[in-house]
Structures are given as C-alpha cells and as structure tokens.
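**Student:** all I have is the shape, not the residue letters:
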C-alpha cells in the first residue's frame, strides 16, 4: 500500500519568507510525527499528533514553527520568518497508534538562502 | 543528558560477510528500540524493533540483540549485500512511548 508521502520534495526559500511543508500519512494511522534531520545527524523530534490534536510539541525550536492536522489525516508544518539555520530535511512519520512502529516519509529538503 | 549513540560512525564490510552494528544507550527508562536504514536522499526505513522484555529478535537476514545490563543494542546483518549500503540508525523511545531519540548513525559500505 501507499506509504507516507511528503510535498514538496525540495523547497528553496529566502531568509525571512514563510514556508509550508505537507505530510500525507499512511491511511488509518492516527499518530503523526514531524522530525528534523540536519546533515550527518539523526532525526530530531519536533511534534506528535494523536488525531487532530498536538499531543506533544516540545521539540519545536521556537514560536516560528507551527503544525496543524485539522482533519486528523494530512498535516502541515509551517515555518514563519525562515532563517538559514532552519535548513534541514524535515521528515514526517506515522503509526497506527503512539506505541506502534513509526514509518517515515521521504522528507522535504528545505534550503534557506 | 541521556542519549542514544553508536560506537562507530563507519563500517566497511566485504560482500557476503556478516555485519554487526553497535549502539549504546543510557536512558534506563527506554523500553522500545528500533533500527532504521536510510539511503541517500530517502527517509529512514524500518528494519526491526525490539521491546525491553526480549533480548533477541530475528527478521529476514537481520537480528537485533538487546543487553539491558550494559545498555547495549546491536544489529546483525547476515550475508551482507551491496543493497545494504546505507546509514543505520538506532532509536529509543525513552519513557514517552512515541518520542524517538536517534543516534548519529553508522555508515555501512559494502565492498564487492
């Protein structure tokens, strides 16, 4: 079946601009996660959704980052006033429930010039 | 702080040999561990997982061993193939169930 999909695959933006990154989880998965991966590092947790609500957003680096999942399926990660340090691969994962295996999407590579 | 880490950043292995990738963790509250494989330009791909009530679990050509006494996790790949070349990450859930903490990864290169 279809896995987790993310769009766009690549996003280049200028410092100070606003960006939105989209994630389509595996159908039926109630849990959805966003991670950020810098070059040469492992993914770092950003936020976890159970259904429509953000159950844990403790990994978001600051208030420029925000994520939504209004209908409990697709999620959008929003970054305001982008900075060069935001450049990374943003990964989305989903699982049946919070204790089940997390399956990752291909990621969105964000480059802030 | 507590974290997950790997012993070696790189591993070179001859095609057909067995590979062993090691991982040390320090969070004694972790009860779920996962190995992921990540190829260049792709997202992490699930390989195998193990819960703390087990010390060994086998999959297809892979085995994960968990030693809770010394907080050590390993991934064994049998008869390593060129397609196994990738970065391998171990991850733990800490005490949260859902929040995975990843190590920095081991890059495995398979020599023909």
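**Tutor:** Perfect, I can see it now. Bear in mind the structure is a predicted one, so any value in this text is a computation, not a measurement.
**Student:** not counting sequence-adjacent ones, nearest residue to whichever residue of chain A sits closest to chain B?
**Tutor:** Proximity of chain A to chain B (Cβ to the nearest Cβ) peaks at residue A:42, 3.0 Å away. All C-beta atoms are positioned from the backbone trio N, CA, C, and that covers glycine. Nearest residue to residue A:42, sequence neighbours excluded (Cβ to Cβ, 6 or more residues apart in numbering or on different chains): residue B:102, at 3.0 Å.
**Student:** partner residues bridging the one you found?
**Tutor:** Per DSSP bridges, the residues bridged to residue B:102 are residue B:91.
**Student:** again with residue A:92
**Tutor:** Going by DSSP bridges, residue A:92 forms beta bridges with residue A:34.
**Student:** which residues sit in contact with it?
**Tutor:** Neighbouring residues of residue A:92 by Cβ atoms under 8 Å, 6 or more residues apart in numbering or on different chains: A:4, A:6, A:23, A:25, A:32-35, A:75, A:77, A:104-105, A:107.
**Student:** circling back to that earlier point, and the residue nearest to residue A:42, what does it touch?
**Tutor:** Contacts of residue B:102 by Cβ under 8 Å, 6+ apart are A:42, A:43, A:44, B:4, B:36, B:89, B:90, B:91.
**Student:** a markdown table for the contacts of residue A:92, including pLDDT?
**Tutor:** Below are the contacts of residue A:92 laid out as a markdown table (pLDDT from 0 to 100):
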| residue | pLDDT |
| --- | --- |
| A:4 | 98 |
| A:6 | 98 |
| A:23 | 98 |
| A:25 | 98 |
| A:32 | 98 |
| A:33 | 98 |
| A:34 | 98 |
| A:35 | 98 |
| A:75 | 98 |
| A:77 | 98 |
| A:104 | 98 |
| A:105 | 98 |
| A:107 | 98 |
